[in-house]
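1. Got a predicted structure plus its sequence, pasted below:
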Amino acid sequence: MRFSAFILSFLTLTLTLLVNSQEVAINTTTCLVKEKPVKKQKKYRLPKIDLSHWKVTIPTGKPDEVTPPEIKEYATIEKLKPFMYTDSTDGSIVFHAIPNKTTANTKYSRTELREQMEPGSNHVNWTFAEGGALSGTMRMDAVSKAADGKYHKVIIMQIHGRLTNEQRDLIGQKDNNAPPILKIYWDNGKIRVKTKVLKVKGLSGDALLHESVWGDDEGRNFEEKVNFDKFKLEVKVTDGKMVVSLNKNEYFVYDDINIKKWGIFENYFKAGNYLQTRDDGAFAKVKIYQLNVSH
């Protein structure tokens, strides 16, 4: 009996140890289980661009335009959606252009903003004597290539001239159009700047109002190649002087006789996507992250 009792006690102790060891193993395993990480929600960024003093032209219709205050609701305007829309992944406004409808006095299409100092009106503009500054953070998102393998050129910023009604009538012109004193291109990955120069240097007075007396300079490229990276452009105008800078690192200064005589014109800023080709299937998408104007 004693031996049987001993065997029973031994079996009971062994069983108890086995059960306890399994519980420890289970508890240990439970402690080692890692919780699944909670997926972070995607951040949606909205552009911080004040459109209250800009109208937009798109390559549809005659072409078509949307002016302030309606332009501030661009994301809900059906005709704008293919050409001007938000990319919420990076907080930009995308300006998409294709060869389609052209504006007066041009042969190319655009999805481009035009400054309106008085919202809804083209008749209030500024002179170099009054001055102005435009800064924009931009990026070429996508652009087609020409037959020679080079990317198509796109004008991304401008200072455009404008005749007053009195000047228009004085020279017998049918509209208020004047040449652009400044055109800034995205040109095969580089930023290229072109301005107007007088064909005859001695001209003055009302003779300066005729578009035919102004020609293009040879143009200048900034050294830095921006390719498809983000970059910042700044344009500052004062009486008789214009300064264009890229990424606060390179500067072009224009203060010659041509700029001084340009003071006869009124002006307005432009920014966006003015595609410089009519090739079938061509396109360009320009992103603007920041756009500020001051006078």
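-> Arrived safely, thanks for sending. Numbering: from 1, shown residues only.
2. How about stretch 104-111, which residues are buried there?
-> Within stretch 104-111, the residues that qualify as buried by neighbour count (16 or more other Cβ atoms under 10 Å) are 108, 109, 110, 111. All C-beta atoms are positioned from the backbone trio N, CA, C, and that covers glycine.
3. Out of those, which two sit at the greatest distance?
-> Pairwise distances among the buried residues of stretch 104-111 were taken by Cβ to Cβ; the largest, 11.4 Å, belongs to 108 and 111.
4. mind listing the helices for the stretch 151-295 of the chain?
-> When assigned using DSSP state H, counting those that start in this stretch, the helices of the stretch 151-295 of the chain occupy the ranges 165-171, 257-261.
5. okay, the buried residues of stretch 104-111 in CSV with distance to residue 101, secondary structure and pLDDT next?
-> What follows is these, written out as CSV (distance: Cβ to Cβ, whole Å; DSSP: H, G, I helix; E, B strand; the rest coil; pLDDT from 0 to 100):
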residue, distance to residue 101, secondary structure, pLDDT
108, 10, coil, 95
109, 6, coil, 96
110, 9, strand, 97
111, 11, strand, 98
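6. a markdown table please, covering these and showing distance to residue 160.
-> A markdown table is the format used below for these (distance: Cβ to Cβ, whole Å):
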| residue | distance to residue 160 |
| --- | --- |
| 108 | 14 |
| 109 | 16 |
| 110 | 12 |
| 111 | 16 |
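7. Name the nearest of these relative to residue 237.
-> The shortest distance between residue 237 and any of the buried residues of stretch 104-111, using Cβ to Cβ, involves residue 110 and amounts to 22.1 Å.
8. who's in contact with the closest residue to the closest one other than its chain neighbours?
-> In this structure, residue 110 finds its nearest non-sequential neighbour in residue 274, 4.2 Å apart by Cβ to Cβ, 6 or more residues apart in numbering. With contact set as Cβ atoms under 8 Å, 6 or more residues apart in numbering, residue 274 has these partners: 97, 108, 110, 112, 154, 155, 156, 158.
9. how close does residue 274 get to residue 261?
-> In this structure, residue 274 and residue 261 are separated by 25 Å, where distance is defined by Cβ to Cβ, to the nearest Å.
10. out of the helices of the stretch 151-295 of the chain, deepest packed?
-> Sort these by mean neighbour count, taking mean count of other Cβ atoms under 10 Å, and helix 257-261 sits at the top with a mean of 17.
11. All set now, cheers.
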